[in-house]
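The following block contains a protein sequence and its predicted model.
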Protein chains: 2
Amino acid sequence: MPTVAIFGVGLIGGSFGLALKKAGFKGTIVGVSSEATLRLALERGAIDEAAPMADAARGADLIYLARPIGGILDTLHHLDSCVNSGTLITDVGSTKSAIVAAARKHIRRCTFLGGHPMAGKEKRGVGEADADLFRGRTYVLTPDDPADLENAPAKDFLEWVRRIGARPVVLTPEEHDRTVSFTSHLPQLASTALAATVAEHAGDRLSVAGPGLADTTRLALSSFELWRDILATNSVAIEQALSAYISKLEHVRDNLRTREIESEFEIAAALAATLRK
Amino acid sequence: MPTVAIFGVGLIGGSFGLALKKAGFKGTIVGVSSEATLRLALERGAIDEAAPMADAARGADLIYLARPIGGILDTLHHLDSCVNSGTLITDVGSTKSAIVAAARKHIRRCTFLGGHPMAGKEKRGVGEADADLFRGRTYVLTPDDPADLENAPAKDFLEWVRRIGARPVVLTPEEHDRTVSFTSHLPQLASTALAATVAEHAGDRLSVAGPGLADTTRLALSSFELWRDILATNSVAIEQALSAYISKLEHVRDNLRTREIESEFEIAAALAATLRK
């Protein structure tokens, strides 16, 4: 892939550019973003040049859609007429079913391969971009058809995913969305609901809190702007995950004085320990 | 208070000894604990000497009960016959109503003042003790009668609480227990229930998780041993806190696609930001 076009040169897009270069990529990286972002991305070396969307798409072997979900969906509506048949389009959206469905509908002239690098930071923007952001992290790929992974551009992309230190995992879009509804969306909403509950019932006594409250409410700092699209495009799975969590909390509440609660602590501690391995 | 007896020289008890010395305490600190703990506490300088419980109680101006809640309740049953009338007994238990009620019933010959330093660490034991553990942290005091704070031993103790860098806050035992049911016990159970839910529904796909899951499940590593007594001595308040949290989660689930959810994110983010000030 001699030319890569990154649409949305923020934390993830910018990090992908830096990571490619660190991994030895010798081609050209073109950025499509707002003017201020492009200036900073050029300064940081995350991209080699800036271009308008249609020009960047026409010249690209790989189009890397690193905008928020709404921006990715919007771009997919307009991209098909600008791409070459050998181009691979991939994205980094946090939900996959809606995006893969939109690509199936709108992208006819080349291959689309959904992706979701499980990497991030609290702070956003290309200023925070990091060549090592993907190192050791899972990189989910969600082909609409498993054969999509077998063509040359996809194989080439997969090789670069490995070179930047990420670990590819292949799931269907539905498997991905169901999994992250538990491993990512539920923790966010559990944290937001916890902080909102504490605000309502003990907001005037925050000095009387242990350090655990800060840990469990760190995610509650997340901006809604980022979450609006995630909630809208994965609401069925998220509703199911919330219902499962509510059932578990009811079970805990109804068994505070029984041995049941001890087994929940053990299962939970084992999960938390596994996560840290 | 020329002589302080610390019952239970673990993380909190040992840190109290080290903190007193760092703050210029020139009296004697006597430790009551298991043999292995006493040896390590002497080595670390958290105590000056070891003694059996009855001897330590007889010679002490301040008795600092730093055992787990069950151990504090047990000690209160046996302590009265060994204390002098001018002695102050205080404790560090994580719930206060049951302990203050036990003291009211069993401690007749001297004053008891309930306490709860909002300080801790993930690791336990005197090996982790730290002279600065209380620095900048809230130290809740729960007098059974506000006049209990006015006698000389209590004033003296309060002065040392300030000298070790803690910030005293006076609450009734019930106010304390209701507050910590939201600020400490609910975060613990929310984290335990979250980890148990993820284990049940996505335990085989933990590589597909963002870093937020680790944050929100850190508390789930806590041992049940420590929590058994807390849950048993504050179950009514905890049930109410869990019910409030469950209602909030139902509200979130039922409003994933409405503007309501945005206001929950805002309230939650404001609480999380306040906690970090």
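Alright, I've got the coordinates.

what sits up against stretch A:143-150?
Around stretch A:143-150, the neighbours that count as contacts under C-beta atoms under 8 Å, 6 or more residues apart in numbering or on different chains are A:100, A:103-104, A:111-114, A:141, A:154-155, A:158, A:170, A:173. Any C-beta I mention is one placed from the backbone N, CA and C, and that applies to glycine too.

and those residues, which of them are in helices?
A:100, A:103-104, A:154-155, A:158, A:173 (DSSP state H).

and which of those residues is nearest to A:Leu73?
A:Ala103 (9.4 Å; C-beta to C-beta).

on that earlier part again, out of the contacts of stretch A:143-150, which are buried?
Neighbour counting with 16 or more other C-beta atoms under 10 Å in any protein chain shown marks A:100, A:103, A:111-114, A:141, A:154, A:158, A:173 as buried within those.

Distance to chain B and pLDDT for these - can I get that in CSV?
Listed next are the buried ones among the contacts of stretch A:143-150 as CSV, based on distance: C-beta to the nearest C-beta, whole Å; pLDDT from 0 to 100:
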residue, distance to chain B, pLDDT
A:Val100, 16, 98
A:Ala103, 20, 98
A:Thr111, 23, 96
A:Phe112, 20, 98
A:Leu113, 17, 98
A:Gly114, 13, 98
A:Leu141, 11, 98
A:Ala154, 20, 97
A:Leu158, 17, 98
A:Pro173, 13, 98
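
Need the three-state assignment for the nearest residue to A:Gly120 once chain neighbours are set aside.
Leaving aside its sequence neighbours, A:Gly120 sits nearest to B:Gly210 (C-beta to C-beta, 6 or more residues apart in numbering or on different chains; 5.9 Å). Secondary structure assignment for B:Gly210 (DSSP: H, G, I helix; E, B strand; the rest coil): coil.

Might you report the residue contacts of B:Gly210?
A:118-120, A:180, A:183-184.

next one: A:Ala103
A:76, A:89, A:112, A:114, A:144.

What of A:Glu266?
With C-beta under 8 Å, 6+ apart, A:Glu266 has these contacts: B:Phe224.

State the helix or strand in which it lies.
helix A:260-275 (DSSP states H and E).

What residues of that helix count as buried?
A:261, A:264-265, A:267-272, A:275.

next one: stretch A:168-179
Buried residues in stretch A:168-179 (16+ other C-beta under 10 Å): A:168-169, A:171-173, A:175-179.

Tell me the one among the contacts of B:Gly210 nearest to chain B.
Set against chain B, the nearest of the contacts of B:Gly210 by C-beta to the nearest C-beta is A:Thr183 (3.7 Å).

per-residue confidence averaged over the helix of greatest length in chain A?
Identified as the longest helix of chain A according to DSSP H is helix A:235-254. What helix A:235-254 shows for mean pLDDT is 98.

what does it contact?
A:177-178, A:181-182, A:185-186, A:189-190, A:231, A:260-261, A:264, B:189-190, B:192-194, B:196-197, B:200-201, B:238-239, B:242-243, B:245-246, B:249-250, B:252-253, B:256-257.

at 7 Å instead, please
A:177-178, A:181-182, A:185-186, A:189-190, A:231, A:261, A:264, B:189, B:193-194, B:196-197, B:201, B:239, B:242-243, B:245-246, B:249-250, B:252-253, B:256-257 (C-beta atoms under 7 Å, 6 or more residues apart in numbering or on different chains).

Wait, a helix at A:Phe25?
No: with three-state DSSP as the criterion, A:Phe25 is assigned coil and is not in a helix.

Got phi/psi on it?
phi -60, psi 130 (degrees, to the nearest 10).

Please flag which of the contacts of A:Ala103 sit within strands.
Counted as lying in strands by DSSP state E, out of the contacts of A:Ala103, are A:89, A:112, A:114.

what's the neighbour count on A:His106?
Here the number of neighbours of A:His106 (other C-beta atoms under 10 Å in any protein chain shown) works out to 15.

Would you mind confirming that A:Gly10 is in contact with A:Lys121?
No: if you go by C-beta atoms under 7 Å, A:Gly10 and A:Lys121 don't touch, sitting 10.7 Å apart.

more crowded one of those two?
Neighbours were counted for A:Gly10 and for A:Lys121 using other C-beta under 10 Å; A:Gly10 has more, 23 against 14.

What is the neighbour count of the closest residue to A:Ala41 other than its chain neighbours?
Nearest residue to A:Ala41, sequence neighbours excluded (C-beta to C-beta, 6+ apart): A:Val9, at 4.2 Å. A:Val9 has 32 neighbours, counted by other C-beta under 10 Å.

pLDDT wise, what is A:Leu171 at?
pLDDT at A:Leu171 comes out at 97.

List the contacts of it.
Counting by C-beta under 7 Å, 6+ apart, A:Leu171 has contacts A:140, A:142.

and it, what are its phi and psi?
According to degrees, to the nearest 10, A:Leu171 has phi -140, psi 160.
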